[in-house]
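A.B. asks: next comes the sequence, and after it the predicted model I'd like to discuss.
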Amino acid sequence: MGLSVRSAAKGKLFLKSEKSVVVSTWNHGLAANKAAWEILQEGGKAIDAVEIGVQVPEADPEVRSVGYGGYPDQDGRVTLDACIMDHLQQCGSVACLEHIKHPIAVARLVMDDTPHVMLVGEGALEFALAKGFQKENLLTAQTLEEWKGIKKAMEGKRTINNIENENSGAIDQENHDTIGMLALDAAGDLSGACTTSGAANKLHGRVGDSPIIGAGLFVDNEVGAACATGLGEEVIKQAGSAMVVELMRQGMEPGLACKEIAQRIVKANNGQEVQVGFLALRKDGQHGSYSVLSGFNYALHDTQGSRLLDSNYLI
């Protein structure tokens, strides 16, 4: 541990770690963390580590919930969402972006090269193409066949009114919707990234929590960072990641802060089972998670190596 940083809220002191840490959601976070760690161990910045790290699942066609090979929406179109945020609270985001394999890289350029935070749809695509990205077909043959099965199973069941409930049952270990990554570098600075292809067979144009700063991701370099996974609508309603960070500011341990917001989601849904998980990384390198339902896990890479940890859960 090294220098201390004073929280603006209550004068609480958070020790600033001098050891790098990277955490990310789900088992596909292991490979993502490995790429991020290569940057961190060379003294690189957390913002670069998270951008490069999440590009691993974005490019992996076997990861059905992120980037290339992600499940399409009801119209058979693969639409991607992503956001990124650094230690200065600079941030960039894209939503409903088609044909671009690495939406996180586009989000980084929104942050670095524009005065805006978010670009969406055709505007996001035009921006990406102007920056030199190439249009690609992101729908693989295998994913298309699997999607046809999902679509057939949902025939006659899905309407605009029940889409949220239908999606909630599908988001679990086998069909989760996000990779969120949080990193702490050797300088003691935090950054985060979040990227997804969203819920399978969603309505075209649907955007979840993943590209929403404060919902799917939030970073406060005085305190910590948090990200979310699961049913994005429920995360948005609670401003989930920002609230987790604020609870850490008030002195809660990372895991307990995640638990509190998970409990609020359960309360808001009158006990109905919807899967949402939160992951948090504090300024001193402490980390924790909590989910509504069992089955959520997260990947950790630090000076002790790489491992996958099971999250605590409510139900």
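C.D. replies: Yep, it's here. Residues are numbered from 1 along each chain as shown.
A.B. asks: for the one helix or strand Ala95 maps to, packing partners?
C.D. replies: In the assignment (DSSP states H and E), Ala95 maps to strand 91-97. Helices and strands touching strand 91-97, by 3 or more CB pairs under 8 Å, 6 or more residues apart in numbering; DSSP states H and E, are strand 80-85, helix 103-113, strand 118-120, helix 121-130. Bear in mind the C-beta positions are built from the backbone N, C-alpha and C, glycine included.
A.B. asks: relative to strand 91-97, how tilted is the last one?
C.D. replies: Our comparison of helix 121-130 with strand 91-97, counting by axes from the mean of the first three to the mean of the last three CA atoms, to 10 degrees, yields an angle of 110 degrees.
A.B. asks: re earlier: pull up the pairing partners for the strand holding Ala95, direction included.
C.D. replies: Take DSSP bridges as the rule and strand 91-97 pairs in its sheet with strand 80-85 (antiparallel), strand 118-120 (parallel).
A.B. asks: which outside residues touch it?
C.D. replies: 79-85, 103, 106-112, 114, 116-121, 124-125, 128, 205, 207, 211-213, 219 (CB atoms under 8 Å, 6 or more residues apart in numbering).
A.B. asks: show the buried residues in these.
C.D. replies: Burial by neighbour count, judged by 16 or more other CB atoms under 10 Å, picks out 79-85, 103, 106-111, 117-120, 124-125, 128, 207, 211-213, 219 from the contacts of strand 91-97.
A.B. asks: got the phi/psi numbers for the closest residue to Lys135 other than its chain neighbours?
C.D. replies: Among residues not flanking Lys135 along the chain, His99 sits closest, at 4.2 Å (CB to CB, 6 or more residues apart in numbering). Per-residue torsions, His99: phi 70, psi 0 (degrees, to the nearest 10).
A.B. asks: surely His99 meets Glu136?
C.D. replies: Yes. Using CB atoms under 8 Å, His99 is in contact with Glu136, at 5.9 Å.
A.B. asks: between those two, which one's more packed in?
C.D. replies: When His99 and Glu136 are compared for neighbours, His99 comes out ahead with 17 against 13, by other CB atoms under 10 Å.
A.B. asks: ok, back up a step: who touches the residue nearest to Lys135 in this structure?
C.D. replies: Here His99 is in contact with 125, 135-138 (CB under 8 Å, 6+ apart).
A.B. asks: do Asp112 as well
C.D. replies: Per CB under 8 Å, 6+ apart, neighbours of Asp112: Gly92.
A.B. asks: let's see it at 6 Å
C.D. replies: Taking CB atoms under 6 Å, 6 or more residues apart in numbering, we find Asp112 in contact with no residue.
A.B. asks: tell me the secondary structure for the residue nearest to Ile315 when sequence neighbours are not counted?
C.D. replies: Leaving aside its chain neighbours, Ile315 sits nearest to Leu293 (5.3 Å; criterion: CB to CB, 6+ apart). Classification of Leu293 by DSSP: H, G, I helix; E, B strand; the rest coil places it in coil.
A.B. asks: does Cys258 sit in a helix or strand, and which one?
C.D. replies: Per DSSP H and E: Cys258 is located in helix 254-268.
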